[in-house]
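Undergrad: Okay, structure incoming, though there's no sequence with it:
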């Protein structure tokens, strides 16, 4: 799992380096935001948020245990990729709010 946390950290560092180098913080925040929200959309798709309740119950009923384990593994991986990006976005939001 540390590999996927590292991938998320690399995305975060790319955004920060871009921001420091070019002073274009809007683009840097866009890079970090896409790195955080993109995997979260993947998690939403895998968990079935965008389907109706009846369809979701049916999918749970017919899903094999092996498929469920694969899906849960991918959900964990995607959350690990998005964690550093979302964490940094929260920190930057709080700092910008306090700084005024």
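TA: Perfect, thanks for sending it. If you're wondering where the values come from, they're calculated on a predicted model, not measured in any experiment.

Undergrad: Leaving out chain neighbours, which residue sits closest to residue 19?
TA: Spatial nearest neighbour of residue 19, chain neighbours left out: residue 28 (3.1 Å); criterion: Cβ to Cβ, 6 or more residues apart in numbering. Quick note: C-beta positions are derived from backbone N, CA and C, even for glycine.

Undergrad: For this protein, which segments count as helices?
TA: With DSSP state H applied, the chain shows helices at 2-22, 25-47, 53-62, 65-99, listed in chain order.

Undergrad: hey, least reliable of those by pLDDT?
TA: Per-stretch mean pLDDT for those is lowest at helix 53-62 (a mean of 80).

Undergrad: Could you give the separation of it from the chain centroid?
TA: In terms of Cα atoms, centre = their mean, to the nearest Å, the centre of helix 53-62 is set 25 Å apart from its chain centre.

Undergrad: Report the contact partners of residue 1.
TA: Contacts for residue 1 (Cβ atoms under 8 Å, 6 or more residues apart in numbering) come out as 76-77, 80.

Undergrad: let's see 10 Å
TA: 73, 76-77, 79-80 (Cβ atoms under 10 Å, 6 or more residues apart in numbering).

Undergrad: before we move on, what about residue 5?
TA: Residues counted as contacts of residue 5 (Cβ under 10 Å, 6+ apart) are 77, 79-81, 83-84.

Undergrad: from those, which is closest to residue 55?
TA: Taking Cβ to Cβ as the measure, residue 55 sits nearest to residue 79 out of these, at 23.3 Å.

Undergrad: Neighbours of the closest residue to the closest one other than its chain neighbours, how many?
TA: In space, and not counting its chain neighbours, residue 79 is closest to residue 43: 6.1 Å by Cβ to Cβ, 6+ apart. As a burial measure, residue 43 scores 17 neighbours (other Cβ atoms under 10 Å).

Undergrad: Wait, residue 43 touches residue 75, no?
TA: Yes - counting by Cβ atoms under 10 Å, residue 43 touches residue 75, with 5.3 Å between them.
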